[in-house]
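Student: Pasting the sequence and the predicted model now:
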Amino acid sequence: MECKRLLGAGAALGLAVALAATAAVTAGPHGPTGQPPVSLVGVVADPVAAVAGAERLLAEKAPAVVRGGKDEKYAARPVVSSPQGLQYVTFDRQYQGLPVVGGDFTVVTDARGTVKSTSVAQTETIDVSVTPTVTAEQARATARARLHRADEIAGQRLTVLAWGTPTLAWETIVAGATEHAPSLLHVFVDARTGAVLRSYDDVAAEVGEGTGYYNGPNPLRFDTTLSGGTYTLTDPKRPGLSCANIDNSVVYSGPDNKWGNGQAMDKETGCADAMFGAQRELDMLKEWYGRNGIDGNGKSFQIRVGLQEANAYWTGGSAPYMKIGYNQNKDRWLAALDVVGHEFGHAIDQYTGGSAAYQSGESGLGESIGDIFGALTEAYANEPSEFDPADYTVGEEVDFFGNGKAMRVMYKPADDGRSANCFSSSTPNAEVHDAAGPMNHWFYLLAEGSAPNGKPASPTCNNKTVAGLRDIRKAGAIFYNALLAKTSNMTHAKMRGLTLQAAKNIDPTCAQYTAVKEAWDAVSVPAASGEATCSGSTPTASPSASPTVKPSPSASPTASPSSSPTQSPTGQPGTVTVTNPGNQSAWRGFQAWPLQVRATTSNGGALNFTATGLPPGLTISAAGVITGTPTTVGTYTVKVTATGGAASGSTTFTYQITGF
């Protein structure tokens, strides 16, 4: 199974809104994502309050809490809420107009916006020159030399790399291949010395598990679309989810809404099982953890069956999808529940927190995230034992190697002959799949304990008995809430810290915190400095009031000369004034710096934002947040309109999209 994606951390070069303009939302009932408040465990989560709470914290304590310094700007991503009554506000950082890779941080609040905790990727305050002495071409040459075969430069930008000591760096993406696999390699070259600081590969080849014809009982039932008398394997309820033949990328269609013949190497059968598995995973995410879509904002992705490789892939990039191949015997497609759950687990990793864990400096985290979501998907589907039942083995139905064994075993990772039960100094540099063992083992001990009734016993590295939660859903809630707060440059120790903080946030009695700690201790992941403690009392809330965030000197003016208020011709008179955010810029192929367009209305109430002329790849939410990854170089004239009732107003500015 492969995990591949473009730009997990940081934001694109460009003019950013200032701190004071990043997170506040136009008055009305909708939060930053344009969605209404979410009801969570009897409490209505308020995304606007979450952002306001985060702003207050930054206004008071930015240098101390997020290691902020001069010449910095911060942009909030859409707020994510969980059913446990927690809200997550992740910020990206710019320094003197450059994106900061590793500058992300997340503020966690309760449903009413009271700050509970923070997680920060950056360890030092930034104070560097932004003038490179190494040219972009020199950096490209250095990056090309890192691959066995370099086909093209897929992207390049000047950044501040804040993983460790902040350093000015060229980030260059090289598409090509290693000696054994395709590659999309990010190479960070010191822009003043030419040394390679760091690299990571978006392509992490990974084998899958399971075969679609094992799902059941038949007939499998999943949502499809009917249009013009033709059915297609397109999910009408889960936007973006469909299944296609990889040979031509055409979604399967037919006249009778019946799919596949149960044969292991029939592609349509593979699609039927993949759609079934994906819908179970999406339903699990929504019902158990309140997540809307794979990306958390209502979107899912296409699956393509028929890859002529013994593998399965999550492709990532600006138009990501899942590819499903066969096992090493070439006798079945890898479309089982936990395969699909694993591959979309990579996507969830990509779309949570500040960056994907697979981009970190330690092996195994990304693969373990996939395995855990595979186990959660199986648990939610709860199939009978003759199909693909809930378990904690990876690839048990596929027989990928032809030896009748699972690929990985979460309750005893060493059973696969390659993985380790316990974390050690060799884990961070081990092969990525083998290195998944310690965190997989931790999750099993947390969910089930070391000696669960009716399930496999699990050894512990400290020879202590672990009670666990005896509830995979609760264990998944802690894990998912930790992912929402993760930052770039993750390590096993940081994951330990985030899961402890998540458990404390969810359960102030400390019972879940204790279970999490015992499970980490049992797999030998040591405590890190600053790790949360829990004494059974409710965590101290942040101040209920704090000074208003002051605009930075480069903040947009409070009123745009091109704003055009409009009075409603009918009903109550009113005006809508849209604040011009100033001209913007971004890089092709890189995630654009989030831009919140603001407006006020004399009537009060909610405003709905629309835009024309946006660069391809960018979109605007109903709440006025422009996000996305630009795909085409050029200068674009953008008109944003805000409408409230019968009144509307608009403003115009330019967006410059630059190549390299």
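Tutor: Cool, got the structure. What you see is a predicted model; the values in this text were computed from it and never measured.

Student: Now do the SS call for the residue lying closest to residue 493 once chain neighbours are set aside.
Tutor: Distances taken as CB to CB, 6 or more residues apart in numbering put residue 528 closest to residue 493, at 4.0 Å, once the chain neighbours are dropped. Where C-beta positions appear, they are placed from N, C-alpha and C, glycine not excepted. Counting by DSSP: H, G, I helix; E, B strand; the rest coil, the backbone at residue 528 sits in coil.

Student: Start the count at 59 instead of 1 going forward.
Tutor: Yep, numbering from 59; the last one is residue 586 now.

Student: Any idea how many residues pack against residue 586?
Tutor: Counted with other CB atoms under 10 Å, the neighbours of residue 586 add up to 14.

Student: do residue 561 as well
Tutor: 29.

Student: what sits against it?
Tutor: 536, 570, 571, 573, 574, 592 (CB atoms under 8 Å, 6 or more residues apart in numbering).

Student: related to what we said a few turns ago, give me phi/psi at the residue nearest to residue 551?
Tutor: Main-chain torsions, residue 586, degrees, to the nearest 10: phi -110, psi 160.

Student: That one and residue 680, how far apart?
Tutor: According to CB to CB, to the nearest Å, residue 586 and residue 680 sit 40 Å apart.

Student: got it, and residue 215?
Tutor: 30 Å.

Student: again with residue 353
Tutor: Counting by CB to CB, the gap between residue 353 and residue 680 amounts to 17 Å.

Student: How about residue 417?
Tutor: Relative to residue 680, and taking CB to CB, residue 417 is found at 31 Å.

Student: So the two - more neighbours on which side?
Tutor: Neighbour totals were compared for residue 417 and residue 680, and residue 417 leads with 27 against 15 (other CB under 10 Å).

Student: how about low-confidence regions in the stretch 509-658 of the chain?
Tutor: Applying pLDDT under 70 to the stretch 509-658 of the chain flags the ranges 594-631.

Student: now the strands for it?
Tutor: Ranges of strands in the stretch 509-658 of the chain, per DSSP state E, counting those that start in this stretch, are 634-637, 642-645, 653-654, 656-659.

Student: Looking at the ones you listed, spot the one closest to residue 124.
Tutor: Taking CB to CB, strand 653-654 is the member of these nearest to residue 124, at 18.7 Å.

Student: and the closest one, which strands flank it?
Tutor: Applying DSSP bridges, strand 653-654 is found paired with strand 683-686 (antiparallel).

Student: per-residue confidence averaged over the partner strand?
Tutor: In this model, strand 683-686 has a mean pLDDT of 88.

Student: what's the answer for stretch 174-185, then?
Tutor: 94.

Student: Can you give the distance of that stretch from its chain's centre?
Tutor: Relative to the mean C-alpha coordinate of its chain, stretch 174-185 is positioned 19 Å out (CA atoms, centre = their mean, to the nearest Å).

Student: ends of that stretch, how far apart?
Tutor: End-to-end distance for stretch 174-185: 29 Å, by CA to CA, to the nearest Å.

Student: residues of it that come out buried?
Tutor: Neighbour-count burial for stretch 174-185, counted by 16 or more other CB atoms under 10 Å, picks out 174, 175, 176, 177, 178, 179, 180, 184.

Student: The second one belongs to a helix?
Tutor: This means residue 175. No. Assessed with three-state DSSP, residue 175 is strand; it does not lie in a helix.

Student: So what sits opposite it in the bridge?
Tutor: residue 166.

Student: Could you list which residues are in contact with it?
Tutor: Counting by CB under 8 Å, 6+ apart, residue 175 makes contact with 166, 543, 559, 562, 563, 590, 597.

Student: Is the second one in contact with residue 558, as I believe?
Tutor: By that I understand residue 543. No. Using CB atoms under 8 Å, residue 543 is not in contact with residue 558; the gap is 11.3 Å.

Student: out of those two, which sits in the busier spot?
Tutor: Relative neighbour count places residue 543 above the other of residue 543 and residue 558, with 29 against 24, counting by other CB under 10 Å.

Student: Would you check how far apart the more buried one and residue 337 are?
Tutor: Distance from residue 543 to residue 337, by CB to CB: 27 Å.

Student: Just to check, residue 360 is in contact with residue 299?
Tutor: Yes. Using CB under 8 Å, residue 360 is in contact with residue 299, at 7.2 Å.

Student: These two: which is more packed in?
Tutor: residue 299 (26 against 20).

Student: these two touch, right, the more buried one and residue 337?
Tutor: Yes. Between residue 299 and residue 337 there is a contact at 7.3 Å, judged by CB under 8 Å.

Student: ok, which stretches of the stretch 159-308 of the chain are helices?
Tutor: Under the criterion DSSP state H, counting those that start in this stretch, the stretch 159-308 of the chain carries helices at the ranges 194-202.

Student: Poorly predicted segments of it, please.
Tutor: In the prediction, the stretch 159-308 of the chain carries residues with pLDDT under 70 at positions 237-240, 261-270.

Student: Which parts of it are strands?
Tutor: Under DSSP E, counting those that start in this stretch, the stretch 159-308 of the chain gives strands at 163-168, 173-178, 207-219, 225-235, 240-248, 254-259, 283-285, 288-290, 300-303, 308-309.

Student: Grab the most central residue of the chain for me.
Tutor: Most central in the chain under CA atoms, centre = their mean is residue 409, positioned 1.5 Å from the mean C-alpha point.

Student: ok, it touching residue 358?
Tutor: No. Between residue 409 and residue 358 there is no contact under CB under 8 Å: 10.6 Å.

Student: Name the residues contacting each of these two.
Tutor: Common neighbours of residue 409 and residue 358 (CB under 8 Å, 6+ apart) are residue 352.

Student: Can you give me the buried ones in stretch 189-197?
Tutor: Under 16+ other CB under 10 Å, the buried positions of stretch 189-197 are 190, 192, 194, 197.

Student: Now residue 669: which helix or strand?
Tutor: According to DSSP states H and E, residue 669 maps onto strand 666-670.

Student: same check, this time on residue 146
Tutor: Going by DSSP H and E, residue 146 is part of strand 144-153.

Student: Next, the angle strand 173-178 makes with that strand.
Tutor: For strand 144-153 against strand 173-178, the angle by axes from the mean of the first three to the mean of the last three CA atoms, to 10 degrees is 40 degrees.

Student: Just give the strands next to strand 144-153 in its sheet, each with its orientation.
Tutor: Counting by DSSP bridges, strand 144-153 is paired with strand 130-134 (antiparallel), strand 138-140 (antiparallel), strand 156-159 (antiparallel), strand 163-168 (antiparallel).
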